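Visitor: model this:
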Amino acid sequence: MGADRVEGPLKGNHHRTFAVRVDTSSALAKEFRWLKLREPRDGVLWYDMRWFPSEDVVLRLLREPFGDVVRRVPRVCDEQVQAGPPPVLIALIQFIEGATLDRVRGGRAGRVAERFLRQIEELFAALASVDADRFVEYGSPVVAGCADCNLAAYPEHGGSSQFLSRLLHFTFSHAYDQQRQDMDDLLTDLGVPPEKLGEFAGRRPELTDRPRKLLHGDLHRKNFVVDRAGALWTIDWELALVGDPLYDLATHLHLMGYPADQEAEVIACWERAVGPDAAAGARDDLPHYRAYKRVQSLCTDVLRATARLTAADGSEVEAPAVGIAAGSSVAGPAAGPARLAGAPERLRAAAVVVGRALEAARPHLELDKTLPLPAVELALQAFLQRTGRR
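Guide: Take a look at the predicted model:
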């Protein structure tokens, strides 16, 4: 592939991503103007369950059998990088030109313009119309051999309840296991006894059964791109799942941070889009998924904040690049091993993010109160000093 311009690395948690403008002399230039090239970041933990081995697998499935249904998703092409036999191919994903939705003005803070809400509703309707059973065989449990991470088993009765149980199992038995001691110690300093997480994880609410659907799993403002014509494209499908469609709505609401009146409108749009079967019991069950997202985000924000502070202080640990989605995690460019100025300001910024996450998770963890901001800042600082990271 010929390239006449490369931009990056772009912001992202799990990969180093580059945007490559295709040289006009390349055969690919007939179909693509820009392509996205990604390589996994070493040592970066995945905090969210996923089902498919890579984003390009999902995009190919969406494009080939369902291209007329799920529109405005990137295309994929293969580029040979080594002759065979067998030849070595890499997948290149179309880079969508435009502005991410967080950069598009929509009125007062947090509000999304109606023309984009209509397109988000169209996306939910399209996902609901896809035969999710055709996708299942192309994925596998994210933790090999773990039956409790297997999304292929979706019984006729109890499917939604089991799906939530699998999310809880992955989060509290796998995602944070490698840093369990550090997380327990720090959360204790932040006023969250470890047993509170265990009690929350042990709750297994009975949900209304809903049919299994294809889920994007990460629908926030930076994963929507508005092109020059005003069309809304959906990117970054690496966290796609098959399961309860209500989880996609809960994650979307959690990450978007809509004003209360618009959030109610979005819920109604989703119900209309997915139909009565997929929306059955949604109003009663949505609080359970939202509670899960808030507690999960507390743990994620704590880990990411400490990782970023570590990198900012000059350690050899690479911190993931994290972009702001409304109501989500710490923001900042990719930070390798470098001593950055403004450490007190970064500590305060991390404390603000963690403090907000604590307050959001407080009722679900049944905490009487949360620490004030100065105490959160001191807890983070003490943790970094105690673990030799500062």
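
Visitor: ok, now how distant is residue 84 from residue 371?
Guide: Per CB to CB, to the nearest Å, residue 84 is found 59 Å from residue 371. Where you see a C-beta, it was placed from the backbone N, CA and C, and this is true even at glycine.

Visitor: which residues in the stretch 251-390 of the chain form helices?
Guide: 260-278, 282-312, 343-365, 373-386 (DSSP state H, counting those that start in this stretch).

Visitor: other SSEs contacting the third one?
Guide: The one in question is helix 343-365. helix 194-202, helix 282-312, helix 373-386 (3 or more CB pairs under 8 Å, 6 or more residues apart in numbering; DSSP states H and E).

Visitor: okay, the ones you listed, which one's buried deepest?
Guide: Ranked by mean neighbour count, those are led by helix 282-312 with a mean of 21 (mean count of other CB atoms under 10 Å).

Visitor: so that one versus helix 373-386, what angle?
Guide: Counting by axes from the mean of the first three to the mean of the last three CA atoms, to 10 degrees, helix 282-312 lies at 50 degrees to helix 373-386.

Visitor: tell me what angle helix 282-312 forms with helix 343-365.
Guide: 150 degrees.

Visitor: tell me how many other residues crowd residue 352.
Guide: Using other CB atoms under 10 Å, residue 352 has 15 other residues around it.

Visitor: picking up where we left off before, closest to residue 241 out of the helices and strands packed on helix 343-365?
Guide: helix 282-312 (12.6 Å; CB to CB).

Visitor: helices and strands around that closest one, which ones?
Guide: Judged by 3+ CB pairs under 8 Å, 6+ apart, helix 282-312 is in contact with helix 159-170, helix 180-189, helix 194-202, helix 245-256, helix 260-278, helix 343-365, helix 373-386.

Visitor: deepest in the core, which of those helices is it.
Guide: Among the helices and strands packed on helix 282-312, highest average neighbours (mean count of other CB under 10 Å) belong to helix 245-256, with a mean of 24.

Visitor: secondary structure class of residue 79, three-state.
Guide: Classification of residue 79 by DSSP: H, G, I helix; E, B strand; the rest coil places it in strand.

Visitor: looking at the helices of the stretch 251-390 of the chain, which is nearest to residue 30?
Guide: Comparing these by CB to CB, helix 260-278 comes nearest, at 35.1 Å.

Visitor: and that closest one, average pLDDT?
Guide: Over the span of helix 260-278, the pLDDT mean works out to 97.

Visitor: and for stretch 53-60?
Guide: Stretch 53-60 carries an average pLDDT of 94.

Visitor: ok, and what's touching that stretch?
Guide: 52, 73-76, 91, 93, 135, 138-140, 236-238, 240 (CB atoms under 8 Å, 6 or more residues apart in numbering).

Visitor: show me what counts as buried in that stretch.
Guide: Judged by neighbour count (16 or more other CB atoms under 10 Å), stretch 53-60 contains these buried residues: 54, 55, 56, 57, 58, 59, 60.

Visitor: and residue 84 and residue 371? Which one has more around it.
Guide: For residue 84 versus residue 371, the count of surrounding residues by other CB under 10 Å is larger for residue 371: 20 against 8.

Visitor: pretty sure that one is in contact with residue 187, am I right?
Guide: No. With contacts defined as CB atoms under 8 Å, residue 371 does not count as touching residue 187, sitting 11.1 Å away.

Visitor: how far away is the residue nearest to residue 40 when sequence neighbours are not counted from residue 37?
Guide: The spatial neighbour of residue 40 that comes closest, neighbours along the chain excluded (CB to CB, 6 or more residues apart in numbering), is residue 15 at 5.6 Å. Per CB to CB, residue 15 is found 10 Å from residue 37.

Visitor: of the contacts of stretch 53-60, which is the nearest to residue 11?
Guide: Of the contacts of stretch 53-60, the one sitting nearest to residue 11 (CB to CB) turns out to be residue 236, at 11.0 Å.

Visitor: those strands in the stretch 51-200 of the chain, which residues are they?
Guide: Listed in chain order, the strands of the stretch 51-200 of the chain (DSSP state E, counting those that start in this stretch) span 76-82, 88-94, 99-100.

Visitor: run through this protein and note the low-pLDDT ranges.
Guide: Applying pLDDT under 70 to the chain flags residues 1, 43-44, 67, 106-108, 312-342, 389-390.

Visitor: for it, list the residue farthest from the centre, please.
Guide: residue 85 (37.2 Å; CA atoms, centre = their mean).

Visitor: so how far is residue 135 from residue 143?
Guide: Look at residue 143 and residue 135: by CB to CB, they are 19 Å apart.
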